[in-house]
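*Asks:* fold the following.
(chains A, B, C and D)
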2 protein chains.
Amino acid sequence: MTANRDHSVNALRQHFQSKISLTPTETEELLAAFREKILKKKQILLKPGQVAEVRNYVASGGLRAYVLDKDGNDQTIQFAVEDWWISDYNSYVTRQPATMFVEAFEDSIVLQLDYETEMKLKKSNHAFETIFRMMAERSAAFQQRRIILAITQSAQERYAEFQKRYPSLSHRLPQYALATYLGMTKEFLSKIRNNRVK
Amino acid sequence: MTANRDHSVNALRQHFQSKISLTPTETEELLAAFREKILKKKQILLKPGQVAEVRNYVASGGLRAYVLDKDGNDQTIQFAVEDWWISDYNSYVTRQPATMFVEAFEDSIVLQLDYETEMKLKKSNHAFETIFRMMAERSAAFQQRRIILAITQSAQERYAEFQKRYPSLSHRLPQYALATYLGMTKEFLSKIRNNRVK
DNA sequence: CGGATCGTTGATCAACTTCAACGGTCGTGG
DNA sequence: CCACGACCGTTGAAGTTGATCAACGATCCG
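*Replies:* So this is what the prediction gives:
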């Protein structure tokens, strides 16, 4: 649906414009490389074993990435809602098989950029290379902050911190997924939320 | 000492050559941007509150990055030995004050690249931009793997995994530092190592 | 040689998990 | 449009992992 795609692409245009200055021609060339994909809740974009062929910009809705631990429980590693990116980044970058699932937890619309196209863009234009460099830097810095939180804070502190930083998300995300993202069980998160922890 | 610097720079030259193909001229231009710094054990390169002005390539020795938690205990976030990089990456990239200490745990030699110089290099040459993009990508992918380990494994499994991946490091690092890196206390790591855990 | 630093060990304790049972809600097929 | 099952969150009891505390031993370095 074209109206749909226009709407999504406008969001992505805004996203890029807020990060770096591109000429109108460059901006449109970059945007033209993305393909829209519409997802139903529970729809899976990527499974372990597959190589992540695309990176996904979330135009609307929400997705999460998770792994299965040895007991078969899923452990959420990453969330993405509007204006965020998601993929098995390690797989996308190294071309190794993914270890994560990527799944929509709401009906969603994503804009996908595939690896080969991204490579060509980066090669063709210094400014594009800069954009992806900045995205990787932001991602690395973000993850490092997460590691610090995970190592230094208690379960309650991690939840409080998340609530403070993402007030709207803390209600919007499935609770079982948020719990494992924060490194605890769904039962314990439920107790924290209801002040039932000793 | 020039002989020293030659030796360090050779290591870094190797490092870059293994990653991307540069012309000899480009390689030397890049290497010339680094300054050697000699560190004694316990010497501190960066403290919280300062902006990280440089990224450090470890030519010899070993460093770690750590934060102080609310009880004043240090928690190791990152290690770097020969051929690795270290800094408060978040601070370096965002120009915000650091939250971490960066400290040598052995006598070390690092090659430092300061932020402004790096910016100029990246602007001046598409190939340099590519190098730093690749470094950021590797860093992001690495950290994501660490988050997965932290969330899905028990203390003993995390230690076993570390031992397997970095057999030499698991003996070389100060044990109290390795313990917090793996998200446990030094006492508990000691018990794991000596099979004293229940 | 002497003090500081680092690792070790055991006893106790706290944080968090596991397990099991239940209630509410949502969406899907009849 | 209703009914039923699946899914999700909640609660409490019991269990486990790993932290804390304290004391001691070893080692390193000045």
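
*Asks:* tell me how many other residues surround the nearest residue to residue A:36 once chain neighbours are set aside.
*Replies:* Nearest residue to residue A:36, sequence neighbours excluded (CB to CB, 6 or more residues apart in numbering or on different chains): residue A:5, at 4.7 Å. C-beta: built from backbone N, CA, C; applies to glycine. The number of residues packed near residue A:5 is 16, by other CB atoms under 10 Å in any protein chain shown.

*Asks:* got it, and residue A:168?
*Replies:* Neighbour number of residue A:168 under other CB under 10 Å is 8.

*Asks:* how about the residue nearest to the spatial centre of chain A, phi and psi?
*Replies:* For chain A, the residue nearest the mean C-alpha position is residue A:86 (2.8 Å; CA atoms, centre = their mean). As for residue A:86, its main-chain torsions (degrees, to the nearest 10) stand at phi -150, psi 150.

*Asks:* distance of the nearest residue to it once chain neighbours are set aside from residue B:140?
*Replies:* Distance criterion CB to CB, 6+ apart; nearest residue to residue A:86, sequence neighbours excluded, is residue A:80 at 3.6 Å. Note on residue A:80: its distance to residue B:140, by CB to CB, to the nearest Å, is 14 Å.

*Asks:* residues in contact with the residue lying closest to residue A:136 once chain neighbours are set aside?
*Replies:* Leaving aside its chain neighbours, residue A:136 sits nearest to residue B:136 (3.7 Å; criterion: CB to CB, 6+ apart). Residues near residue B:136 by CB atoms under 8 Å, 6 or more residues apart in numbering or on different chains: A:133, A:136, A:137, A:139, A:140.

*Asks:* got a markdown table for those, with secondary structure too?
*Replies:* As requested, those are arranged in a markdown table below (DSSP: H, G, I helix; E, B strand; the rest coil):
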| residue | secondary structure |
| --- | --- |
| A:133 | helix |
| A:136 | helix |
| A:137 | helix |
| A:139 | helix |
| A:140 | helix |
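
*Asks:* quick one: residues contacting residue A:164.
*Replies:* With contacts taken as CB under 8 Å, 6+ apart, residue A:164 has no neighbouring residues.

*Asks:* in which helix or strand does it reside?
*Replies:* Assigned by DSSP states H and E, residue A:164 belongs to helix A:155-165.

*Asks:* give the rounded mean pLDDT of that helix.
*Replies:* For helix A:155-165, mean pLDDT is 97.

*Asks:* which other residues reach the next helix or strand after it?
*Replies:* Sequence order places helix A:169-172 as the next helix or strand after helix A:155-165, per DSSP H and E. Helix A:169-172 is contacted by residues A:62, A:79, A:81, A:159, A:162, A:163, A:178 when judged by CB under 8 Å, 6+ apart.

*Asks:* 6 Å instead, please
*Replies:* For helix A:169-172, contacts defined as CB atoms under 6 Å, 6 or more residues apart in numbering or on different chains pick out A:162, A:163.

*Asks:* next one: stretch A:21-39
*Replies:* Applying CB under 6 Å, 6+ apart, the contact partners of stretch A:21-39 are A:5, A:8-9, A:13, A:104, A:108-113, A:117, A:127.

*Asks:* can the helix holding residue A:164 be said to contact DNA strand D?
*Replies:* No. Helix A:155-165 stays clear of DNA strand D (CB under 7 Å from any atom of the strand), getting no nearer than 11.7 Å.

*Asks:* flag every buried residue along that helix.
*Replies:* Under the neighbour-count criterion of 16 or more other CB atoms under 10 Å in any protein chain shown, helix A:155-165 has A:155, A:158, A:159, A:162 buried.

*Asks:* how close does the second one get to chain B?
*Replies:* Counting by CB to the nearest CB, to the nearest Å, the separation of residue A:158 from chain B is 11 Å.

*Asks:* and the strands in chain A?
*Replies:* For chain A, the strands defined by DSSP state E cover A:35-39, A:44-46, A:54-60, A:62-68, A:74-81, A:85-86, A:101-104, A:108-114.

*Asks:* Throw those into JSON lines and include mean pLDDT and distance to DNA strand C, thanks.
*Replies:* Formatted as JSON lines, these follow (pLDDT from 0 to 100; distance: least, CB to the nearest atom of the strand, whole Å):
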{"stretch": "strand A:35-39", "mean pLDDT": "95", "distance to DNA strand C": "14"}
{"stretch": "strand A:44-46", "mean pLDDT": "97", "distance to DNA strand C": "15"}
{"stretch": "strand A:54-60", "mean pLDDT": "98", "distance to DNA strand C": "16"}
{"stretch": "strand A:62-68", "mean pLDDT": "97", "distance to DNA strand C": "14"}
{"stretch": "strand A:74-81", "mean pLDDT": "97", "distance to DNA strand C": "10"}
{"stretch": "strand A:85-86", "mean pLDDT": "98", "distance to DNA strand C": "22"}
{"stretch": "strand A:101-104", "mean pLDDT": "97", "distance to DNA strand C": "13"}
{"stretch": "strand A:108-114", "mean pLDDT": "97", "distance to DNA strand C": "14"}
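
*Asks:* quick one: closest of the ones you listed to residue B:189.
*Replies:* Closest to residue B:189 of the strands of chain A, according to CB to CB: strand A:74-81, at 23.2 Å.

*Asks:* strand partners of the closest one, parallel vs antiparallel please.
*Replies:* strand A:62-68 (antiparallel) (DSSP bridges).

*Asks:* could you list the low-confidence segments of chain A?
*Replies:* For chain A, the stretches flagged by pLDDT under 70 are A:1-3.

*Asks:* and it, which residues reach chain B?
*Replies:* Residues of chain A that fall close to chain B, judged by CB under 6 Å from any CB of the partner chain: A:67, A:69, A:75, A:77, A:89-90, A:93, A:126, A:129-130, A:132-133, A:136-137, A:139-141, A:143-144, A:148, A:150-152, A:183.
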